[in-house]
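[1] No letters, just coordinates:
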């Protein structure tokens with residue numbers, strides 16, 4: 001796989017993690033009870049962590065390919 005395609009995949013993955021984080025945060029805001037709200041907030045936090053990890057990998061690969 002060439003570098004530009006790999007970078008595009010990372011960008012899409014980062015965008016997907018961000019979108020899923022936002023989805024879970026909206027779901028938490030509309031949750032019918034405290035348990036469900038907490039669950040969605042925990043899932044949102046996981047997605048945010050995934051996003052940060054992907055961004056770190058993306059930056060490292062960019063630096064190595066320069």
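    It's in. Please read all numbers here as calculations on a predicted model, not as lab measurements.
[2] Distance check, residue 27 against residue 51.
    In this view, residue 27 and residue 51 are 17 Å apart by CB to CB, to the nearest Å. To be clear about C-beta, it is placed using only N, CA and C from the backbone, and glycine gets the same treatment.
[3] chain center to the helix or strand harbouring residue 22, what's the gap?
    Using DSSP states H and E, residue 22 sits within helix 3-29. Centroid displacement of helix 3-29 relative to its chain, using CA atoms, centre = their mean, to the nearest Å, is 4 Å.
[4] just to revisit the earlier point, residue 27 and residue 51: who's more crowded?
    residue 51 (19 against 16; other CB atoms under 10 Å).
[5] Nearest residue to the more buried one in space, please, no chain neighbours.
    Among residues not flanking residue 51 along the chain, residue 17 sits closest, at 3.9 Å (CB to CB, 6 or more residues apart in numbering).
[6] Give the buried residues for the helix holding residue 22.
    Buried positions in helix 3-29, judged by neighbour count with 16 or more other CB atoms under 10 Å: 10, 13-14, 17-18, 20-21, 24-25, 27-28.
[7] Kindly list the longest helix within the chain.
    Under DSSP state H, the helix in the chain containing the largest number of residues is helix 34-65.
[8] what's near enough to touch residue 38?
    Residues in contact with residue 38 (CB atoms under 8 Å, 6 or more residues apart in numbering) are residue 28.
[9] my read: the residue nearest to residue 51 touches residue 46, true?
    No - when contacts are counted by CB atoms under 8 Å, residue 17 is not listed as touching residue 46 (9.3 Å).
[10] If you tally nearby residues, what's the number for the closest residue to residue 21 other than its chain neighbours?
    Excluding the flanking residues, the one nearest residue 21 by CB to CB, 6+ apart is residue 47, at 3.9 Å. By the criterion of other CB under 10 Å, residue 47 has 19 neighbours.
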